[in-house]
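> heads up, no residue letters with this:
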C-alpha cells in the first residue's frame, strides 16, 4: 500500500502481514502515515485520537527498515517522566507496537531501543535539554509540542534535522493560539515541506454522538470547543 509498509515474517500478525497494521488504523492515521510525504508535519488532533500511537508507528516503521540501518530517531515529550510513564511503561504503547523480533536491546534507564537493523529509538524530555544532545536524529516526533518551549525546536532540533535532511512531526491538541498554532497555520499555507492536519472529536469516529453530547453538557463552552 505504500513504501512505508515493511513486510514482516508470515508468522507475525496472523491476520496482518504489513507494518503498520493497515486494518488496525483509522482513516486519519492512514492519511498521515501513507499519504503525507512532507518532512514537517503538524498533527492537531483531539484527545484520544491516537496521536502518540500514530507517531510511534511512524518511528518504528523507519527503524525496522533495512534502508535506515544505523539511523537514530527521537520521540520527545514535554518531560522525561512523561515519556517514561506514558510510552515506555504503558503496556499498550511502545512495546505492543514494536514487532518483538526487531528488538536487539533495550535500556530503560536511558529509554533507548536498539533494533536488529542497527537503528536506535530514544525517548527524551524537553525539560532536560542536555538529553537532546548526542547522535543527530534522522527523524523526530515532538509530542504535545504546545507544552514545550518553542526554542526546543528552533534552537536544538531544527538545526540538527537541517544538517541531516531529517523529518519532524509536531503533535498536540488545540490550546489556543500558541507556537503549535503558528506551525499549524504554516502547514496550511505551504505544501512542499510543511503540512498540517486537524482532527476534531466529531470527525474521527472515536467518540459517539452521545459521548460528545454528554461532554457538551458537562463542560464550559470554551473547554468543549
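Yep, it's here. Here the structure is a predicted model, which is why all the values come from computation and not from measurement.

> Could you tell me the per-residue confidence at residue 15?
pLDDT recorded at residue 15 is 41.

> meant to ask about residue 204, not that
49.

> Kindly report the same for residue 200.
69.

> Same question for residue 51.
At residue 51, pLDDT is 94.

> pretty sure it contacts residue 43?
Yes - here residue 51 lies in contact with residue 43, judged by Cβ atoms under 8 Å, at a distance of 5.8 Å. Quick note: C-beta positions are derived from backbone N, CA and C, even for glycine.

> overlap in contacts of those two?
171-172 (Cβ atoms under 8 Å, 6 or more residues apart in numbering).

> Have a look at the two and say which one is more surrounded.
The residue with more neighbours, out of residue 51 and residue 43, is residue 43; 29 against 24, by other Cβ atoms under 10 Å.

> Phi, psi for the more buried one please.
Here is the backbone geometry of residue 43 (degrees, to the nearest 10): phi -110, psi 110.

> Can you tell me the closest non-neighbouring residue to residue 173?
Nearest residue to residue 173, sequence neighbours excluded (Cβ to Cβ, 6 or more residues apart in numbering): residue 47, at 5.6 Å.

> so which helix or strand takes in that neighbour?
Assigned by DSSP states H and E, residue 47 falls within no helix or strand.

> burial of it, as a residue count?
10.

> What distance do you get for it to residue 199?
Distance of residue 47 to residue 199, given as Cβ to Cβ, to the nearest Å: 11 Å.

> Geometric centre of this structure: which residue is closest?
residue 55 (2.1 Å; Cα atoms, centre = their mean).

> For this protein, which residues score under the pLDDT cut-off?
1-17, 200-217, 221-225 (pLDDT under 70).

> correct me, but the residue nearest to residue 173 touches residue 172?
No - Residue 47 lies out of contact with residue 172 (Cβ under 8 Å); the separation is 10.3 Å.

> Please enumerate the helices of the protein.
With DSSP state H as the criterion, the chain has helices at 27-34, 51-63, 80-83, 94-97, 151, 158-164, 179-189, 209-218, 221-224.

> so who does the nearest residue to residue 196 once chain neighbours are set aside touch?
In space, and not counting its chain neighbours, residue 196 is closest to residue 187: 2.7 Å by Cβ to Cβ, 6+ apart. Residues in contact with residue 187 (Cβ under 8 Å, 6+ apart) are 38, 40-42, 194-197.

> Now compare the residues you listed and name the two farthest from each other.
40 and 197 (12.2 Å; Cβ to Cβ).
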